[in-house]
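Enquirer: Here is a sequence with its predicted model. Questions after.
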Number of protein chains: 2
Amino acid sequence: MPESGARRATGRHGAPVMVDVAALAGVSYQTVSRVINDQPGVRDSTRERVLAAMRELGYRPSPAARSLASGRSRMIGIVTIGSDLYGPATTLRGVETAVRDAGYSVSTESLSRFDRASALAAVERMTAQRVEGILAIDPEVDAATALREMSPTVPLMVLRGGLDAVTAGVQFDSTAGAHNAVRHLLDLGHPTVRHLAGPQRFEAARTRVRGWRAALEEAGAPVHEPLQGDWSARSGYATGQVLAADPDVSAVFAANDQMAVGLMLALHEAGRAVPGDVSVIGFDDIPEAAYLIPPLTTLRQDFIDEGRRAVAMLLAQIEHPGAAEPIPVRMVPDLIVRSSTGRYMPRPTTGGPPR
Amino acid sequence: MPESGARRATGRHGAPVMVDVAALAGVSYQTVSRVINDQPGVRDSTRERVLAAMRELGYRPSPAARSLASGRSRMIGIVTIGSDLYGPATTLRGVETAVRDAGYSVSTESLSRFDRASALAAVERMTAQRVEGILAIDPEVDAATALREMSPTVPLMVLRGGLDAVTAGVQFDSTAGAHNAVRHLLDLGHPTVRHLAGPQRFEAARTRVRGWRAALEEAGAPVHEPLQGDWSARSGYATGQVLAADPDVSAVFAANDQMAVGLMLALHEAGRAVPGDVSVIGFDDIPEAAYLIPPLTTLRQDFIDEGRRAVAMLLAQIEHPGAAEPIPVRMVPDLIVRSSTGRYMPRPTTGGPPR
DNA sequence: GGCGCAAGTGTGAGCGCTCACACACCGACG
DNA sequence: CGTCGGTGTGTGAGCGCTCACACTTGCGCC
């Protein structure tokens, strides 16, 4: 005589387990298992009964037991550079959501520095956790190389890790963004465009340099050595002071919005108006970009979508090992024109007639 | 005759398991288990031998099996509001690091909206994953209430969730920050300070309002109704336009730096100089704050440390259930004075004698 | 009417560990 | 010199599931 409604629990730790559900529903535990994994071969009426029993007991399958018995953890490891940077942080959000939507759980690790050593250590920890796949977001270039060279026990996908080859089948091409930024400035009449680059240990930074250089060369404009920043407003300010001192500078493409912030302050302090004297363009479209003084022209990238697609590839790889030629995917950021860029105004030559 | 050096593997899925290590080391699996969990009662020489065997085989214990057998997942769930906001994001980093350092693994869930329903759903999912404790960062106030009311099967800690009571033993008092911000402005001679508040469904926003109001009342300064923003630069801009139109406004305290960004643009566009006509103070000290035009005076909070302390409390609660009176912890942010705040300058009265 | 066959259901074993013991072995004690 | 109590080690069982089967039914078929 089953005391229906009573919350019995057989499990050592109090929670109801599969046999409890089975007993309540009057079936074997195997049938319960079939229902949980919604496998075929269970009569609808039976399924309903099992479902009801599960609900009544508040039963939830033990992930540990499932994973032990099945050999599958249904967990994806995400390793990312944990920073204040808009790009990686946003990509992470997209990736996490996509993974979870696919029914996997996520183990995230945010590295303060995504170099070779920490990459390897992180992957090591992920492996120990028995993840079924690893997604690396924005590793430094040498870290990406190390990851690729390592024989991975699980599918590994590197997002924005550089090189032409790719681990898990996609290759995002993002030179287009920088190219468009420069094109925009050139179209505005600027003789050339200076570049405030990100740290070259990141592929995203290299990509921007390549796009910038290509656009310049295409247009036959002079190419000055890019200045080096570290993504921060601080570095944008420091290099901005250098740029501000050069009267020939009329347009600057910063590799991200944060550096553009610092750059604009340096320009402002030097008495050079934006966009009157110097046009500035950023990259990323951080939420504040539209509210800077002046509102910043920039490029918006769909990080969420990028993350989503990367996840799709990774999961495909997990679920159907083998297969899949690397598919090149072109990421074309949108140019958001605001007030920090304007027509080229030749500066009045000292000692000569203006204009 | 053991073929030492050979990578044998008994496990169904290829990886070496405990008995493999035991065989190689010439002990029983139980001894291997003792070594892994570094329990006492193993001779040093034996321990060494086991360790060597583990290394040779590249053995890593199966978390699923451990957790199934021990009933402990050694996993902490973190639920947070996943946004571009500096505070929660930074706190999350501190929390994650602290949890991992304590030898637990982390399951993070970033909610786009941390309201009642999503909070409950997230906790539900965490519970299904069998986490041993849950840490909620910056839930909306009603979500915090719901979490507290729910009978939690595991220790639950709410960070910045408001109310006076606390779930897991700490109570962070952060009214001091807002108080100091206002005090600073008052000391500069401003007759009063307007407040650009964050969304009141967040305790952090309410806290700032309380601190602001208290400081004003203490000083006997007039208290105007705070304006409502939503943490974004966008909303700061919108409300900033209102403020800019009021010639009596000489000092504004924004509940976060992002809103201050928008506010400053609105002021600028209205031709009101910062800090000449209006002083602005923010909150959080985002990395860009020092590079805005003008560099923003703000309050810096040690989010990392806050996270660390919260984790310590949670883990204490997990490891020694019961015990622990709520300990009030006072968070006193540092006032970072930059260029967006200045002495009060009475505006020239139209038609009357100046000053 | 006995056969095959599908659909639905149950049984045994085992995933890789930890727990609670049981068992050796050693020196010290009366 | 037998017994006690430690210290180190091994044994049995079982955690809550999934896997690979084996087994029932009911049905249409020759």
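Expert: Structure received.
Enquirer: Kindly give the local confidence score, pLDDT, for A:P63.
Expert: On the pLDDT scale, A:P63 is placed at 95.
Enquirer: Over to A:A98?
Expert: pLDDT, A:A98: 93.
Enquirer: Excluding chain neighbours, what is closest to it?
Expert: Leaving aside its sequence neighbours, A:A98 sits nearest to A:V311 (C-beta to C-beta, 6 or more residues apart in numbering or on different chains; 3.9 Å). For the C-beta atoms, the positions are set from N, CA and C on the backbone; glycine is no exception.
Enquirer: who touches that neighbour in this structure?
Expert: By C-beta atoms under 8 Å, 6 or more residues apart in numbering or on different chains, A:V311 lies in contact with A:I76, A:G94, A:V95, A:A98, A:V99, A:A102, A:L135.
Enquirer: try it again with 7 Å
Expert: The contact partners of A:V311, taken as C-beta atoms under 7 Å, 6 or more residues apart in numbering or on different chains, are A:V95, A:A98, A:V99, A:A102, A:L135.
Enquirer: Ok, A:I137 next?
Expert: Applying C-beta under 7 Å, 6+ apart to A:I137 gives the contacts A:I78, A:T80, A:I81, A:P88, A:T91, A:L92, A:V95, A:L159, A:R160.
Enquirer: doesn't the first one fall inside a helix?
Expert: No - according to DSSP: H, G, I helix; E, B strand; the rest coil, A:I78 belongs to no helix; its state is strand.
Enquirer: how far away is it from chain B?
Expert: 9 Å (C-beta to the nearest C-beta, to the nearest Å).
Enquirer: Please, where are all the helices along the stretch 201-350 of chain A?
Expert: When secondary structure is read from DSSP state H, counting those that start in this stretch, the stretch 201-350 of chain A shows helices at A:203-219, A:233-244, A:257-269, A:303-319.
Enquirer: re the thing from before, out of the contacts of A:I137, name the ones that lie in helices.
Expert: A:P88, A:T91, A:L92, A:V95 (DSSP state H).
Enquirer: Show me which residues of the stretch 101-250 of chain A are close to chain B?
Expert: A:S105, A:S107, A:T108, A:S110, A:A128, A:Q129, A:R130, A:S232, A:A233, A:R234, A:Y237 (C-beta under 7 Å from any C-beta of the partner chain).
Enquirer: looking at this, the third one is in a strand?
Expert: Yes - counting by three-state DSSP, A:T108 falls inside a strand.
Enquirer: which residues touch the closest residue to it other than its chain neighbours?
Expert: The shortest distance from A:T108 to any residue that is not its chain neighbour, by C-beta to C-beta, 6+ apart, is 4.7 Å, and that residue is A:I78. By C-beta under 7 Å, 6+ apart, the contact set of A:I78 is A:L92, A:V95, A:E96, A:V106, A:T108, A:L135, A:I137.
Enquirer: how much space is there between the fifth one and A:R201?
Expert: Relative to A:R201, A:T108 is positioned 22 Å away (C-beta to C-beta, to the nearest Å).
Enquirer: ok, these two, which is more surrounded?
Expert: With neighbours defined as other C-beta atoms under 10 Å in any protein chain shown, A:T108 and A:R201 compare such that A:T108 has more, 24 against 18.
Enquirer: any idea how far DNA strand C is from A:E109?
Expert: 22 Å (C-beta to the nearest atom of the strand, to the nearest Å).
Enquirer: What of A:G271?
Expert: In this structure, A:G271 and DNA strand C are 68 Å apart, going by C-beta to the nearest atom of the strand.
Enquirer: Tell me the spacing between that residue and A:G211.
Expert: Counting by C-beta to C-beta - A:G271 and A:G211 are separated by 31 Å.
Enquirer: Which of these two has more residues huddled nearby?
Expert: For A:G271 and A:G211, the more surrounded residue by other C-beta under 10 Å is A:G211, and the numbers stand at 23 against 8.
Enquirer: Look up the closest residue to A:M126, ignoring the ones flanking it.
Expert: Of all residues not flanking A:M126 in the chain, A:G77 sits nearest, at 3.5 Å (C-beta to C-beta, 6+ apart).
Enquirer: ok, now which ones touch that neighbour?
Expert: Each residue near A:G77 by C-beta under 7 Å, 6+ apart is listed here: A:S107, A:M126, A:Q129, A:V131, A:I134.
Enquirer: contacting residues for the first one?
Expert: Under the criterion of C-beta under 7 Å, 6+ apart, the contact partners of A:S107 comprise A:M75, A:G77, A:M126, A:Q129, A:V131, B:S105, B:S107.
Enquirer: pLDDT wise, what is A:A144 at?
Expert: The confidence metric pLDDT takes the value 89 at A:A144.
Enquirer: how close does it sit to chain B?
Expert: In this structure, A:A144 and chain B are 22 Å apart, going by C-beta to the nearest C-beta.
Enquirer: right, and that residue touches A:G161 too?
Expert: Yes - judged on C-beta atoms under 7 Å, A:A144 makes contact with A:G161 at a distance of 3.0 Å.
Enquirer: Mind listing the shared neighbours of those two?
Expert: Listed contacts common to A:A144 and A:G161 are A:E203; contacts here mean C-beta under 7 Å, 6+ apart.
Enquirer: that older thread, quick one: which of the contacts of A:V311 is nearest DNA strand D?
Expert: Distance to DNA strand D, by C-beta to the nearest atom of the strand, is smallest for A:A102 among these, at 17.5 Å.
Enquirer: For the stretch 1-150 of chain A, which segments count as strands?
Expert: According to DSSP state E, counting those that start in this stretch, the stretch 1-150 of chain A carries its strands in the segments A:75-81, A:105-111, A:133-137.
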